[in-house]
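Q: here is a sequence with its predicted model. Questions after.
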Amino acid sequence: MTGAASACEADDRDCSHERGLLPTETTQTHGARSSYVVAEIGVNQETDGWPAASAPGGWPAVAFGGGGEVSDEPARGAAWELGTAGIAWRPVPAAQTARANRRWWDADADDYLAEHLEDIGEVDFLWCPEGLTEATAGLLGPVEGRRVLEVGCGSAPCSRWLRAQSADVVGTDLSAGMLRHAVAAAGRTGIGVPLVQADACWLPFASSSFDLACSAFGAVVFVADSDRLMAEVARVLRPGGRWVFSVTHPMRWIFPDDPGPDGLTVQRSYFDRTPYVEVDAADRPTYVEHHRTMGDRIREIVSAGLVLTDLVEPEWPPDHTRVWGQWSPLRGALMPGTAIYVCDKA
């Protein structure tokens, strides 16, 4: 269970000791905030050809030398670990959102992968619960020899799939717990990629570093300032680059998270952008999702200087019987569950 907020969180100082991260002697600390690099097994980050990290707005890049071990103990889930006691609908600032979601995914990593590893695989690129894969859809276009950034990579099955297609990939995620699973999976599969623990709104890469960027249900809905996220992705993309990301279809916001008949009754306004928040007994956020309408999302894309070239709403396959959270054959036959935005940088 969580206790009172620590002193380092109160003033946003580095809290790596709370996350179990042990920066190596190569760590460089600048200012109050930091992100961590988890070096690929067998790859020297200093000489692997990646651009030097830049820190827009003073956000530093800090080297981190090891991922630790994945626990073999039965997963208890983030709600238990964090003491989630209820649901609220209220505004949550960006720093609180990032803190809550980092802790959630650190706590939930074991449980999430125990439940969904069969669906997402270890070397596969699944865009959505409907089952659409990049191998089938080809939304990124040719990837061989291209430099690709995955934003919100989780345990990094998409990054490993891209690497298997001869792309040069780096994966980022806010959660050290998820990145530890990514390191473990690299050992099992023999496919490693550079991994960076970073806030998606402050990417520690030089401008025009990547040919492609992608996020499959990654960071987009878990940040308060998704305008900033879009601008950051646009910044690190080269001219002519492509950004493809999938999120829960905004239409789903009006329905409860129920895969059965009760999930077909409208409960909220589509235009109510108040975040969904799970809280502990002290009313502190333990999990936060932010809603954007379709129009909001398109305006974010355009404001970042990107061009929306396609919007994919995957249909539920008739032979697909898997229930995944709110996704189910019943709901999938009636309404879209996923929106995939394909954006190009001029």
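A: Yep, it's here.
Q: got a list of what the nearest residue to Trp316 once chain neighbours are set aside touches?
A: Nearest non-adjacent residue to Trp316, counting by Cβ to Cβ, 6 or more residues apart in numbering: Gly332, 2.8 Å away. Every residue, glycine included, has its C-beta placed from N, CA and C. By Cβ atoms under 8 Å, 6 or more residues apart in numbering, Gly332 lies in contact with 130, 315-316, 320.
Q: what pLDDT does the closest residue in space to Ala281 that isn't next to it in sequence get?
A: Of all residues not flanking Ala281 in the chain, Ala85 sits nearest, at 4.5 Å (Cβ to Cβ, 6+ apart). Note on Ala85: pLDDT of 90.
Q: may I have the secondary structure class of Ala85?
A: strand (DSSP: H, G, I helix; E, B strand; the rest coil).
Q: what's the burial count for it?
A: Neighbourhood size, Ala85 [other Cβ atoms under 10 Å]: 14.
Q: residues contacting it?
A: Applying Cβ under 8 Å, 6+ apart to Ala85 gives the contacts 279-281.
Q: weed out the non-buried ones from these.
A: 279-280 (16 or more other Cβ atoms under 10 Å).
Q: out of the contacts of Ala85, who's nearest Arg146?
A: Nearest to Arg146 among those, counting by Cβ to Cβ, is Val279 at 42.0 Å.
Q: element containing that closest one?
A: strand 276-280 (DSSP states H and E).
Q: re the thing from before, now a PyMOL select for only the buried ones of the contacts of Gly332.
A: Buried subset of those, written as a PyMOL selection, criterion 16+ other Cβ under 10 Å:
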select buried, resi 130+316+320
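Q: of the contacts of Gly332, which pair is most distant in space?
A: Glu315 and His320 (9.8 Å).
Q: so what sits against both of those two?
A: 130, 332.
Q: show me where the stretch 151-300 of the chain has strands.
A: For the stretch 151-300 of the chain, the strands defined by DSSP state E, counting those that start in this stretch cover 168-173, 195-197, 210-216, 237-248, 276-280, 285-289.
Q: helices or strands next to the shortest one in the packing?
A: Contact partners of strand 195-197 among helices and strands, from 3 or more Cβ pairs under 8 Å, 6 or more residues apart in numbering; DSSP states H and E: strand 36-38, strand 168-173, helix 176-189.
Q: number of residues surrounding Ala271?
A: Small correction: residue 271 is Phe, not Ala. 11.
Q: next, the buried residues of stretch 267-283.
A: Buried residues in stretch 267-283 (16+ other Cβ under 10 Å): 275-280.
Q: so which of these is the closest to Thr189?
A: Glu278 (32.9 Å).
Q: which non-adjacent residue is nearest the closest one?
A: Tyr287 (4.1 Å).
Q: now do the contacts for the one you found.
A: So, once contact is read as Cβ under 8 Å, 6+ apart, Tyr287 ends up touching 78, 82, 84, 100-101, 104, 277-278.
Q: could I get the buried residues of stretch 267-283 as JSON lines with pLDDT and distance to Ser209?
A: Below are the buried residues of stretch 267-283 laid out as JSON lines (pLDDT from 0 to 100; distance: Cβ to Cβ, whole Å):
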{"residue": "Pro275", "pLDDT": "98", "distance to Ser209": "31"}
{"residue": "Tyr276", "pLDDT": "97", "distance to Ser209": "33"}
{"residue": "Val277", "pLDDT": "97", "distance to Ser209": "34"}
{"residue": "Glu278", "pLDDT": "95", "distance to Ser209": "35"}
{"residue": "Val279", "pLDDT": "95", "distance to Ser209": "38"}
{"residue": "Asp280", "pLDDT": "95", "distance to Ser209": "38"}
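Q: touching, Gln267 and Asp257? I think so.
A: No. Contact criterion Cβ atoms under 8 Å: Gln267 and Asp257 do not qualify, at 10.2 Å.
Q: so for stretch 227-238, what's the average pLDDT?
A: 99.
Q: contacts for it next, please.
A: 56, 149, 151, 200-203, 205-213, 219-220, 223, 243, 300-301, 303-306, 345.
Q: cool, and stretch 122-132?
A: 119-120, 133-135, 137, 139, 155, 157-158, 160-162, 164, 185, 188-189, 191, 216-217, 246, 312, 314-317, 320, 322, 324-325, 327, 332, 337-338, 340.
Q: show me which of the residues you listed are buried.
A: Here, 16+ other Cβ under 10 Å leaves 120, 133-134, 137, 139, 155, 157-158, 160-162, 185, 191, 216-217, 246, 312, 314, 316, 320, 324, 327, 332, 337-338, 340 buried among the contacts of stretch 122-132.
Q: alright, that wraps it up for me.
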